[in-house]
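1. Below are the sequence and a predicted model for it; my questions follow.
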Amino acid sequence: MRVLMMLILTALLASCEQGADSPRGFSLPAGDVAKGEEVFLTYQCLACHSLKGFEEQELELDIAKRVRLGGDVTRIKTYAELVTAVINPSHKIATSLPAEQLTDSSGQSLMRNYNEVMTVAELTDLVAFLQPQYQLKPFNRTNYPTYFP
């Protein structure tokens, strides 16, 4: 019975990737961390974001409060999530601040659209720089007392 359930689950998961809009086969080249830091500074990401180890520059804030990047997370930030955050920031709005501070009246992200100015090389470099800024925080298990009958 278990084998049958695993086969059905595998078939269902495999069928999800077959459409024309499937991410199957999509891959970007590896980025350069040092160049990614340059991209981060060149595009003035610190006008809206904070990142440990980087001074908040004298940039005019585009939002009420900076959105923190990096740090301890309970779930790995994948390459795909970081790429999506840059090229389609409205896909998933950060939950660190109230949504009304990060979105316009139609619910779209206030993040500038860099798709017309940032090259693919700059994007991959930026993501290569950002990804190691996140550290996976170990899951703390609750230690329940052992009861003996």
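-> Right, received. Where do you want to start? Numbering: from 1, shown residues only.

2. hey, let's count contacts and neighbours off CA atoms from now on
-> Will do.

3. what's in contact with the helix or strand residue 86 falls within?
-> Secondary-structure assignment from DSSP states H and E places residue 86 in helix 79-87. With contact meaning CA atoms under 8 Å, 6 or more residues apart in numbering, helix 79-87 is reached by 91-92, 113-115, 123-124, 127, 130-131.

4. Average pLDDT for it, rounded please.
-> For helix 79-87, the mean per-residue pLDDT is 89.

5. Going forward, the N-terminal residue is numbered 645.
-> Taking 645 as the first residue, the last one we looked at is helix 723-731.

6. tell me how far that helix is from the chain's mean position?
-> Chain-centre distance of helix 723-731: 5 Å, with CA atoms, centre = their mean, to the nearest Å.

7. With just CA atoms, put it into CSV.
-> Taking Å, rounded to 0.1, in the frame of the first residue of the first chain, the C-alpha atoms of helix 723-731 are listed here in CSV:
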residue,chain,number,x,y,z
TYR,A,723,18.3,30.8,-5.6
ALA,A,724,14.9,30.8,-7.4
GLU,A,725,13.3,32.8,-4.6
LEU,A,726,16.0,35.4,-4.6
VAL,A,727,15.9,35.8,-8.4
THR,A,728,12.1,36.1,-8.3
ALA,A,729,12.3,38.7,-5.5
VAL,A,730,14.4,40.9,-7.8
ILE,A,731,12.6,40.4,-11.1
